[in-house]
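[1] how would this look folded up:
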Amino acid sequence: MLSLRGLSNTSASGFNESSWSALQWMACLQGEWIMVFDNADSAPGVVENFIPPGLRGNILISSQNQTLGCLTQFENSLEIDKMKEEDAISLLLKASGYVDQADTYLWEMARKIVAELCCLPLAVVQAGASIEAGLCNIIDYLDLYSAKCKELLSYPFFKGASAYQQTVYGTWELSFKEIESRASRYSDSENVQSAQIAILILQIFAFMHYEDIDERIFKHAAKELNLLNVKDERNKLLSILASTVNSRHDKNSRWDKFYFQMGIHILQSFSLIKRSPYEDIYSEHSLGHSWSRNRLSHSEQYINFCRATTILSCSISSAYGIQDSKFHQRLIPHIKAGYQYAAEIHLNNEYDDNTYSKFGLVFRENGDWTEAEKLAVQVVVKRKEILGQDHPNTLTSMASLAEIYWNQGKWNEAEELEIEILDISQKVLGQKHPDTLISMASLALIYSNQRKWAEAEQLQIQVLDMSRRLLGLEHPETLNSMANLASTYRNQKRWDEAEQLQIQVLDMSRRLFGLEHPETLNSMANLALIYGNQERWNETELLQIQALDMSRRLLGLEHPETLRSMANLASIYSKQRRWNEAEQLQIQTLDIRKKLFGQEHPETLNTMTNLASTYSNQKRWNEAEQLQIQTLDIRKKVLGQEH
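    The predicted model follows:
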């Protein structure tokens with residue numbers, strides 16, 4: 001309520017002390033004036049009722065509710081995010097009482113603290129108050145924060161550390177309590193449901209990564225859950241999601257985002273989440289994300305972890321297309337984050353075959369073999385235990401694990417497992433079954449990678465003949481068989497045979513899959529290698545550049561196929577002694593592989609070896625030696641002295 005107490009010359013003007021009179025009086029003022037609405041988190045209509053008429057004066061509104069931006073023009077709205085790092089450090093040192101004694105070491109410790117607190121001003125002030133009060137010193141704060149994050153950010157003693165009179169967690173809790181109140185007090189069932197959905201979304205977001213939460217996760221999951229006819233009350237959001245698809249049991253049904261967006265709108269209005277300006281991508285402040293998880297009871301944490309993993313797994317398609325692959329790539333941080341949070345708060349992670357299999361598929365597609373192996377081993381063990389060793393699903397899981405082994409260069413483990421699969425397939429399914437053919441083809445690939453060319457060729461010719469006869473000339477498995485045999489010929493330097501087969505493979509890939517399919521890209525890259533080994537540089541470079549450009553555009557810079565194309569093109573440049581171009585590509589490939597797979601991954605080590613060779617050929621002996629020693633040390637550690 002506005003009041004005129006303390007203001008002069010109002011009664012003489014004929015105005016009383018009502019808010020309406022105050023607004024009329026302010027509208028008549030001739031000089032400059034300013035009105036401040038601080039922490040105005042209500043709906044825009046509430047604030048609008050207290051804005052004086054006319055065009056004079058200045059009004060400043062601070063609010064967590066983004067919708068209040070409608071009260072002014074876009075250019076007059078300013079979103080305040082985090083502080084600059086230097087300002088946050090100065091604030092922390094001042095609040096903690098170290099401002100007069102801050103040396104380089106204390107400044108560095110303060111920098112680490114504000115980085116952990118994401119330069120959030122209230123969190124920085126509260127950290128300073130904790131240090132100044134003697135709970136710890138500035139050197140020990142991060143250890144205490146790691147062990148007692150929830151207590152430090154919600155401890156009521158420190159809510160007076162700033163003029164805001166709230167703890168860090170307390171500010172978010174106020175917003176959440178208001179949403180909870182809406183979920184129970186409104187008579188309008190649509191408003192109640194909106195608030196309920198907002199709460200459920202926030203709780204599920206808590207078990208995903210706090211950035212890049214793609215709405216398509218929920219869209220794809222809704223369609224899958226719709227077909228599954230989910231009605232479990234414990235998984236309330238799953239039921240709501242299923243209902244957002246407008247036609248049950250219809251594979252062509254469309255996503256109706258209305259209910260989901262009602263909840264999203266409420267969370268945005270309280271600044272609990274942000275939306276990307278260009279896509280339906282959401283994010284949270286990392287501290288707010290931790291708060292939304294920490295406020296839950298242990299049983300609530302378990303339920304919402306299960307909800308998040310179910311939604312993520314239901315969003316994964318077993319179809320393999322460019323868009324599927326790019327979407328799956330965006331899921332990896334969310335899958336990893338969910339399991340990380342579950343481990344941190346000691347949640348019981350129960351085995352679910354569908355979830356483990358689909359998550360494993362995503363990791364395999366993106367070349368994250370370490371994570372893929374962890375899941376695949378558990379799937380194999382559980383399926384052997386539940387279904388038996390001879391069950392087709394068990395064999396499928398064993399084949400996936402064998403593929404992971406050979407992508408990691410674990411040839412002995414891959415060979416042992418693939419021989420076991422082939423023996424079971426021949427016994428249970430018969431010599432001519434498609435799955436038996438796939439097992440033979442996989443074993444032949446392992447032989448190729450072990451340079452057992454005769455064994456590989458013998459199996460591959462057998463597989464190709466059977467594939468042509470049983471599946472047809474244009475079947476994808478026949479195509480794979482031709483490509484694998486062409487690779488074996490190439491590795492034996494039988495260029496004419498390799499080229500003849502690979503040209504057939506490329507032509508059929510273009511016809512069957514189209515120009516922009518991963519199989520077509522792979523075929524182009526393989527033909528380029530054959531040309532390169534014959535020193536047909538113009539042909540090989542043209543094909544390889546074309547394959548690399550398409551991979552970057554369709555799959556992204558960090559996709560395994562793109563990295564493979566980069567490495568192949570670098571190899572072509574090296575063979576032509578174009579060292580600068582080769583080096584540039586190899587450094588880029590090495591940086592990405594280190595980031596994605598780690599220092600000890602076989603592909604990372606191969607790239608390091610190739611870069612060292614490029615340095616040697618440029619007579620940059622110190623750089624070459626340093627890199628080769630590093631590579632040798634890692635190989636000894638990973639593979640052993642006698643590998």
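[2] what's the neighbour count on Ser292?
    Other residues near Ser292 number 24, with proximity taken as other C-beta atoms under 10 Å. Any C-beta I mention is one placed from the backbone N, CA and C, and that applies to glycine too.
[3] so it touches Leu200, yeah?
    No - between Ser292 and Leu200 there is no contact under C-beta atoms under 8 Å: 11.6 Å.
[4] any idea how far Leu590 lies from Met83?
    The gap separating Leu590 from Met83 is 35 Å, by C-beta to C-beta, to the nearest Å.
[5] Compare the two and say which is more crowded by neighbours.
    Taking neighbours as other C-beta under 10 Å, Leu590 and Met83 compare with Leu590 leading, 22 against 18.
[6] ok, and what's touching the helix or strand where Ile113 lies?
    If you go by DSSP states H and E, Ile113 is part of helix 104-116. If you take C-beta atoms under 8 Å, 6 or more residues apart in numbering as the criterion, helix 104-116 is touched by 83, 85, 88-89, 92-93, 98, 102, 124, 127, 138-139, 141-142, 145.
[7] what about 7 Å?
    85, 88-89, 92-93, 98, 124, 127, 138-139, 141-142, 145 (C-beta atoms under 7 Å, 6 or more residues apart in numbering).
[8] same deal with stretch 581-591?
    So stretch 581-591 is contacted by 563, 566-567, 569-570, 573-574, 604, 607-608, 610-611, 614 (C-beta under 7 Å, 6+ apart).
[9] Now that we have those, which of them are buried?
    For those, a neighbour count by 16 or more other C-beta atoms under 10 Å gives the buried set as 563, 566-567, 569-570, 573-574, 604, 607-608, 610-611, 614.
[10] Which members of the contacts of stretch 581-591 are the farthest-apart pair?
    Tyr573 and Thr604 (19.8 Å; C-beta to C-beta).
[11] Give me the mean pLDDT for stretch 271-278.
    Average pLDDT, stretch 271-278: 86.
[12] Buried residues, that stretch. List them.
    Buried, per 16+ other C-beta under 10 Å, within stretch 271-278: Ser271, Leu272, Ile273, Lys274, Arg275.
[13] can I get the CA coordinates of it in CSV?
    Extracted as CSV, the C-alpha positions of stretch 271-278 are listed here (Å, rounded to 0.1, in the frame of the first residue of the first chain):
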residue,chain,number,x,y,z
SER,A,271,13.6,-17.5,-12.3
LEU,A,272,14.1,-21.1,-11.1
ILE,A,273,15.0,-22.0,-14.7
LYS,A,274,16.0,-20.2,-17.9
ARG,A,275,15.0,-20.9,-21.5
SER,A,276,17.4,-20.5,-24.4
PRO,A,277,16.2,-17.6,-26.6
TYR,A,278,16.5,-19.8,-29.8
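[14] which residues are contacting that stretch?
    Gln64, Gln66, Trp172, Ser175, Leu202, Leu267, Gln268, Tyr282, Ser283, Glu284, Gly288.
[15] quick one: which of those residues sit in strands?
    By the criterion of DSSP state E, membership of those in strands covers Tyr282, Ser283.
[16] Could you single out the nearest of the contacts of stretch 271-278 to Arg307?
    Closest to Arg307, out of all of those and judged by C-beta to C-beta, is Leu202, at 11.8 Å.
[17] Mind telling me which residue is nearest the centre of the protein?
    Pro333 (3.1 Å; C-alpha atoms, centre = their mean).
[18] which secondary structure element contains that residue?
    Using DSSP H and E, Pro333 maps to helix 322-344.
[19] quick one, the very next helix or strand once past that helix and helix 322-344 angle?
    Counting by DSSP H and E, the next helix or strand C-terminal to helix 322-344 is helix 353-365. Calculated by axes from the mean of the first three to the mean of the last three C-alpha atoms, to 10 degrees, helix 353-365 forms an angle of 120 degrees with helix 322-344.
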